[in-house]
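**Student:** Here is the input, now give the coordinates:
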Amino acid sequence: MVEMSEEKFDTLNEKVDDLIQLCTQMKRENQALKASENSLQADRKQLLEKNKETKTKLESILVRLKAINYS
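**Tutor:** Sure, this is the predicted structure:
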């Protein structure tokens, strides 16, 4: 009977070790995903700013073209 309990304890111990490893791996992956998200958000912000600048330049060109047409 004692041997059976020891086997169960060893199995439980292995499962706890597996869970610890899984948690550690998931924590690393979560950190990597957060870093990636931050990078993507920065890229998005930069692209939105470029888009805004391009829109402003395009509107300026259109105004100038309209002025030429009405001259």
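
**Student:** So for the chain, which residue is the most central one in space?
**Tutor:** residue 37 (2.3 Å; C-alpha atoms, centre = their mean).

**Student:** for the chain, which spans come out with low pLDDT?
**Tutor:** Filtered on pLDDT under 70, the chain yields the residue ranges 1-3.

**Student:** and if we set it to 90?
**Tutor:** Across the chain, the ranges flagged by pLDDT under 90 are 1-4, 69-71.

**Student:** Would you map the helices across it?
**Tutor:** For the chain, the helices defined by DSSP state H cover 2-69.

**Student:** ok, the residue nearest to the centre of the chain to residue 30 distance?
**Tutor:** 10 Å (C-beta to C-beta, to the nearest Å). (Glycine included, C-beta is placed from N, CA and C.)

**Student:** Now for these two: what residues contact both?
**Tutor:** Contact criterion C-beta atoms under 8 Å, 6 or more residues apart in numbering; residues shared by residue 37 and residue 30: none found.

**Student:** returning to that earlier point: enumerate every residue touching the residue nearest to the centre of the chain.
**Tutor:** Not one residue lies near residue 37 by C-beta under 8 Å, 6+ apart.

**Student:** Can you give me the distance of it to residue 70?
**Tutor:** In terms of C-beta to C-beta, residue 37 sits 49 Å off from residue 70.

**Student:** before we move on, what about residue 27?
**Tutor:** 64 Å.

**Student:** ok, the two, which is more surrounded?
**Tutor:** For residue 27 versus residue 70, neighbours defined as other C-beta atoms under 10 Å are more numerous around residue 27 (10 against 6).

**Student:** how close does residue 26 sit to residue 36?
**Tutor:** 15 Å.

**Student:** got it, and residue 21?
**Tutor:** Using C-beta to C-beta, residue 21 is found at 23 Å from residue 36.
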